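A.B. asks: I would like to see how this sequence folds:
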Amino acid sequence: MSDSLLVDAMFWLFAAGSVVTGYRVFRTDSMVRAAFFLLASFAAVGGILVLLGAEFLGMVLILMMAGEMLIMAIVMVMYMMNPAGLNPMWMVHQHRVAVAVGVASFLVLGSLAFLIDFPERPNPRPEEATAELGVELLGDSMLVFQSAGVALLSAMIGAVVLTSRRGRYGDAEEGSEEPLLQGAEEGTV
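C.D. replies: Model prediction:
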């Protein structure tokens, strides 16, 4: 199989996967499952971007969506009255309007692929495309993004620790209480 046929086959596989998993977001009856279907849909779009030569954007999309959807799933498990966000629930409000808008948007955006004459490559490809795009997108903000990443990771770890059955001060089922400071019982503190 030639490279061109392989790329075409992968494109259609990613495209179909993105549409199917995007559809499943609204057909599943669980918020957690919806988050992971949305992650799969965005990962397929990231794969399409990689195939189109936008490797940096594709990988950033996959990375950002993976982090975002995992955070969303963890938050839903923590705060929903629905245990673990897995019990059945209706995921769409104003169902007919949502279907009409979704179908209309798909038809308009899908028709652009057939109606627009895309140029082959109007501008020369830069030698360091990924590095130039990274500087353009992040510029002087790299430290901010790295700090935000560490803060989000710390928040996720803290949320998991705080919601565990064994709390900071003992088993939650037994009424965990903060211990007294050393010497507090004698009044020396």
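A.B. asks: This protein: helices as residue ranges?
C.D. replies: 3-27, 31-51, 55-79, 95-115, 129-138, 142-162 (DSSP state H).
A.B. asks: Which one of the ones you listed has the poorest average confidence?
C.D. replies: When those are compared on mean pLDDT, helix 129-138 scores lowest, with a mean of 76.
A.B. asks: hang on, the earlier thing: most packed of the helices of the chain?
C.D. replies: helix 31-51 (a mean of 20; mean count of other Cβ atoms under 10 Å). Yep, even glycine has a C-beta here, placed from its N, CA and C like the rest.
A.B. asks: what angle separates it from helix 3-27?
C.D. replies: 160 degrees (axes from the mean of the first three to the mean of the last three Cα atoms, to 10 degrees).
A.B. asks: Please report how far the residue nearest in space to the middle of the chain lies from residue 106.
C.D. replies: Geometric centre of the chain, nearest residue: residue 65, 2.5 Å, by Cα atoms, centre = their mean. Distance, residue 65 to residue 106, using Cβ to Cβ, to the nearest Å: 20 Å.
A.B. asks: so who does the closest residue in space to the residue nearest to the centre of the chain that isn't next to it in sequence touch?
C.D. replies: Among residues not flanking residue 65 along the chain, residue 42 sits closest, at 3.9 Å (Cβ to Cβ, 6 or more residues apart in numbering). Counting by Cβ atoms under 8 Å, 6 or more residues apart in numbering, residue 42 touches 18, 61-62, 65, 69.
A.B. asks: Pipe those residues into a markdown table and attach distance to residue 145 per row.
C.D. replies: Below are the contacts of residue 42 laid out as a markdown table (distance: Cβ to Cβ, whole Å):
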| residue | distance to residue 145 |
| --- | --- |
| 18 | 26 |
| 61 | 15 |
| 62 | 16 |
| 65 | 16 |
| 69 | 18 |
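A.B. asks: Out of those, the closest to residue 140 would be?
C.D. replies: The closest of the contacts of residue 42 to residue 140 turns out to be residue 61 (Cβ to Cβ; 22.5 Å).
A.B. asks: Make sure the closest one is actually in contact with residue 45.
C.D. replies: Yes. At 6.5 Å, residue 61 and residue 45 qualify as touching, with contact defined as Cβ atoms under 8 Å.
A.B. asks: Once you drop chain neighbours, what's closest to residue 126?
C.D. replies: If the residues on either side of it in the chain are set aside, residue 126 comes closest to residue 132, at 5.6 Å by Cβ to Cβ, 6+ apart.
A.B. asks: Residue 16 versus the one you found, what's the distance?
C.D. replies: On the measure of Cβ to Cβ, residue 132 and residue 16 end up 32 Å apart.
A.B. asks: Good, we can wrap up now.
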